[in-house]
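Visitor: Here's my sequence, what's the structure:
(one chain, ligands or ions: 1)
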Amino acid sequence: MLKRLSVALVAGALAFGVAACGGEEAGGGSTGGGGDDKITMGFAQVGAESGWRTANTKSIQESAASAGIELKFSDAQQKQENQIKAIRSYIAQKVDVIAFSPVVETGWDTVLKEAKDANIPVILTDRAVDSQDTSLYKTFIGSDFVLEGKKAGEWLVKEYEGKTEPVNIVQLEGTTGSAPANDRKSGFTDVIKADPKFKIIASQTGEFTRAKGKEVMEALIKANPDIDVLYAHNDDMGLGAIEAIEAAGKKPGTDIKIITVDAVKDGMTALAAGKINFIVECSPLLGPQLMDLAKKVVKGEQVEQRVLTEETTFTPEQAKAALPERKY
Ligand code: GZL
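Guide: Sure, this is the predicted structure:
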């Protein structure tokens, strides 16, 4: 009897020991590669396409360091296949948590299922995915891009209140298929469609970069001599477009009114100088909240499915006041 009891006690202790150490089958994440107590995060970044992205990367890297989280970081040069490769490598390295900003909305279910099967929690940052199965990621922290588009449209409606002349708009879209491009476009269109004077006469991707924004705007100016407004899905494309507008002998902010999104330092400087008329802020400083969420999901704590970032809008006057304190 005593022997049977002691065997049972030893077996029980062994089982408890495995669970308490967070062994993989216990759902407590993996060995992480950073030792038992230090969390290891694998982060698959979109690229380095814009001032916003640079600030976002800096926020993530600095926040990981201050949170004591070991960060494995990759730059996908805006290619989805590179992000998928990076996520697979983090799974193979048995990190404790994976975070990434999906360059486009579609095509993630397979690799997210691989992470789930490996018992590694995933956090979406910045951009969303279109997966119907929300169990594939623990939470999504980022902006409401539809609202950002609506704010851009509302400024334009106010700017042209009482006018009846047609308002010819060209739109520089972000990366094709990305959540910010899709949503900033739909939010903007939803607001301006109420008034037929607003006409989007051309809309093309500038891939969120300054160089492409300039190249596309040069072509748009040649094809459309009477552009009244440019709506660019980020500051960098707007800044590239300003170079094209000036090269065409027109005054940005006056001959062609410009609305952009992000509010990075270079955009705010152009806004303060009157070359841009209105900027909708999109905060890249997601690092601190991401690290807090990572610690919670690794511990198996419940977190909100959606964490929204706070942001505002800027006029030239507001930009002048905000610039001295601007962190990015
Ligand atoms: C938005 C982010 C976008 C920025 C661009 O959250 O995904 O990508 O608006 C960046 O500047 O390239």
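
Visitor: near the ligand, which residues of the protein show up?
Guide: 49-50, 52-53, 126-127, 142-143, 180, 208, 234, 236, 261-262, 282 (C-beta under 6 Å from any ligand atom). C-beta coordinates here come from the backbone N, C-alpha and C atoms, glycine included.

Visitor: Sort out for me which of these are in strands.
Guide: Using DSSP state E, the subset of those located in strands is 142, 261-262.

Visitor: Separate out the buried members of the residues of the chain next to the ligand.
Guide: Buried residues within these, defined by neighbour count using 16 or more other C-beta atoms under 10 Å: 49-50, 52-53, 126-127, 142-143, 180, 208, 234, 236, 261-262, 282.

Visitor: quick one: which two of the residues of the chain next to the ligand are the most distant?
Guide: 142 and 236 (18.3 Å; C-beta to C-beta).

Visitor: Now render the ones in strands among the residues of the chain next to the ligand as TSV, adding distance to residue 87 and pLDDT.
Guide: Output for those, formatted as TSV (distance: C-beta to C-beta, whole Å; pLDDT from 0 to 100):
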residue	distance to residue 87	pLDDT
142	18	96
261	27	98
262	26	98
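
Visitor: would you turn those into a markdown table with distance to residue 268?
Guide: Output for those, formatted as a markdown table (distance: C-beta to C-beta, whole Å):
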| residue | distance to residue 268 |
| --- | --- |
| 142 | 21 |
| 261 | 12 |
| 262 | 9 |
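
Visitor: tell me which of those is nearest to residue 111?
Guide: residue 142 (19.1 Å).

Visitor: quick one on the thing from earlier: of all the residues of the chain next to the ligand, which comes closest to residue 310?
Guide: residue 143 (9.2 Å).

Visitor: these two touch, right, that closest one and residue 309?
Guide: Yes. Contact status for residue 143 versus residue 309: in contact at 5.2 Å, counting by C-beta atoms under 8 Å.

Visitor: where do the contact lists of the two overlap?
Guide: Counting by C-beta atoms under 8 Å, 6 or more residues apart in numbering, the shared contacts of residue 143 and residue 309 are residue 283.

Visitor: dump the residue contacts of the residue in the stretch 51-200 of the chain positioned nearest to the ligand.
Guide: In the stretch 51-200 of the chain, no residue comes nearer to the ligand than residue 52, which is 3.3 Å away by C-beta to the nearest ligand atom. Contacts for residue 52 were tallied using C-beta under 8 Å, 6+ apart; they are 234-236, 262, 264, 282, 284.

Visitor: List the buried residues in stretch 116-125.
Guide: Using 16+ other C-beta under 10 Å as the test for burial, stretch 116-125 gives 118, 120-125.

Visitor: Stretch 101-108 too?
Guide: 101-105, 107-108.

Visitor: Out of those, name the two that are farthest from one another.
Guide: Going by C-beta to C-beta, the pair spanning those furthest: 101 and 107, at 14.4 Å.

Visitor: Can you give me the buried ones in stretch 217-227?
Guide: Result for stretch 217-227 [16+ other C-beta under 10 Å]: buried residues 217-218, 220-221, 227.

Visitor: now swap in stretch 54-62 and tell me
Guide: 55-57, 59-60.

Visitor: and stretch 64-83, what's its mean pLDDT?
Guide: Averaging pLDDT along stretch 64-83 gives 98.

Visitor: Endpoints of that stretch, how far apart?
Guide: 20 Å (C-alpha to C-alpha, to the nearest Å).

Visitor: Give me the contact list for that stretch.
Guide: Under C-beta under 8 Å, 6+ apart, the answer for stretch 64-83 is 32-34, 38-49, 57, 60-61, 86, 89-90, 93, 95, 100, 102-104, 107, 175, 207, 287-288, 291-292, 294-295.
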